[in-house]
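**Q** Structure for the following, please:
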Amino acid sequence: MAKIVILDDHHDLCLSIQCRLSMNGHDVRTSSVGDEAIDIGHLFQPDVLITDWRLDCGYDGLEVAEAFRFANQRIKTILITGHSIKEIENHCSTAQIFKTIRKPFSLEEIASSVEDALIQDDIGLTSN
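**A** As a prediction, this is how the structure comes out:
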């Protein structure tokens, strides 16, 4: 089991992803606000952050990812976006993004990407 934070300003999308990942046994927290997500991240110490790139909360996903990385160098960030991946490619390498997924995506694609991130670091794959 891994700890995961999901940040997207579309609350329904957060809940859909949370439900899917919880079915895999992960402990998942959600937020639609950057400040709140950063607070959750510092207290919860997640293994994976899933964040939208463009947020309506004064932050973008890359800024939130950097704040999480400051507290936890091993965190894996999955960036989701409706924009062209080519458009944000340079920013992603600077922010050490594990994977970028373009919207629309399937919940299976998100779940698979989380498992890939966990396998790469051998995080949380033991069953209870």
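**Q** which one's the longest helix in the chain?
**A** The single longest helix within the chain, with elements called by DSSP state H, is helix 107-121.
**Q** which parts of that one are buried?
**A** Within helix 107-121, the residues that count as buried by 16 or more other Cβ atoms under 10 Å are 110-111, 113-115, 117-118. From N, CA and C alone the C-beta is placed, and that goes for glycine too.
**Q** again with stretch 39-57
**A** For stretch 39-57, a neighbour-count test (16+ other Cβ under 10 Å) marks 40-41, 46-53, 55 as buried.
**Q** Nearest to S16 among these?
**A** Closest to S16 out of the buried residues of stretch 39-57 is I50 (11.6 Å), distances taken as Cβ to Cβ.
**Q** returning to what we had before: any chance of the buried residues of helix 107-121 in CSV with pLDDT and distance to V33 as columns?
**A** Rendered in CSV, the data for the buried residues of helix 107-121 read as follows (pLDDT from 0 to 100; distance: Cβ to Cβ, whole Å):
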residue, pLDDT, distance to V33
I110, 98, 21
A111, 98, 24
S113, 97, 23
V114, 97, 22
E115, 96, 27
A117, 96, 24
L118, 94, 26
